[in-house]
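A.B. asks: With the sequence up front, the predicted model follows.
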Amino acid sequence: MAEQIINSILLALHNIALVGCAAAPFYNRNLVAQRAQYGPKLHYELDKVVEDTLQKNAPYCMVFITVLWLTGIGMPLNSYLFNGTFRELNSVAAVALALKLSSVVGMMVIMGMIFLRLNPRLRQIFAQFEPGKDADPELVREFFQKRARRKAVCEICLKFAIAVLVFSAFIGFRG
């Protein structure tokens, strides 16, 4: 009974992290789409809200991916602790697990690109803008290029997150 309770808690936390991993890029995508209506012209107040929102989501993404990894490792270890062996996976579940892990790694690579390269540069550029003042056109151009790059990799991250959700459903497959 203790094994099942621990596994259920780990699975619940794992599922919350899965949803968080998918929700963040989904909602960020909607925010970016709304901002795109105004074109690649700097609107300081609007762009500040967008940047602040997107940049402040980074810690949440890191927490979700950390919880995903820890609970993903915890569930098989829980089984091993109580049974002295890892649960055997059939071929469908094994392939699903491999694809899920590959997708999670893909998400981590993208998050690294965003959090370590793109976001710091976007912050650095945006710090040079001032409300009500014309910005250097070259900086504005680079700002929107970096934003477009971030949007493109976020689209890929969203696809990986959806893949994680789908493959997770097949890991428990018993056939």
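C.D. replies: Structure's in. What do you need?
A.B. asks: any idea how far residue 100 is from residue 172?
C.D. replies: 12 Å (CB to CB, to the nearest Å). Yep, even glycine has a C-beta here, placed from its N, CA and C like the rest.
A.B. asks: Which one of the two is surrounded by more residues?
C.D. replies: Between residue 172 and residue 100, counted using other CB atoms under 10 Å, the more crowded position is residue 100 (23 against 11).
A.B. asks: Contacts only, for the more buried one.
C.D. replies: 163, 164, 167, 168, 171 (CB atoms under 8 Å, 6 or more residues apart in numbering).
A.B. asks: gap between it and residue 114?
C.D. replies: Relative to residue 114, residue 100 is positioned 21 Å away (CB to CB).
A.B. asks: circling back: can you name the two of the contacts of residue 100 that sit furthest apart?
C.D. replies: Greatest spatial distance in these: 163 and 171, 12.7 Å, computed using CB to CB.
A.B. asks: List the buried residues in the helix or strand where residue 64 lies.
C.D. replies: Assigned by DSSP states H and E, residue 64 falls within helix 58-83. Going by neighbour count (16 or more other CB atoms under 10 Å), the buried part of helix 58-83 is 61, 64, 65, 67, 68, 71, 72, 74, 75, 78, 79.
A.B. asks: per-residue confidence for the most centrally placed residue in the chain?
C.D. replies: Residue closest to the average C-alpha location in the chain (CA atoms, centre = their mean): residue 21, at 4.5 Å. For residue 21, the pLDDT comes out at 84.
A.B. asks: which secondary structure element contains it?
C.D. replies: Element membership for residue 21, per DSSP H and E: helix 2-36.
A.B. asks: Output the below-cut-off pLDDT ranges for the protein.
C.D. replies: Residue ranges of the chain with pLDDT under 70: 173-175.
A.B. asks: switch the cut-off to 80
C.D. replies: Per-residue confidence for the chain (pLDDT under 80) gives these ranges: 172-175.
A.B. asks: circling back: could you list which residues are in contact with the residue nearest to the centre of the chain?
C.D. replies: Contact analysis of residue 21 by CB under 8 Å, 6+ apart lists 61, 64, 65, 68, 107, 161, 164.
A.B. asks: Mind putting the residues you listed into CSV with distance to residue 133?
C.D. replies: Shown next, in CSV, are the contacts of residue 21 (distance: CB to CB, whole Å):
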residue, distance to residue 133
61, 33
64, 38
65, 38
68, 43
107, 38
161, 38
164, 44
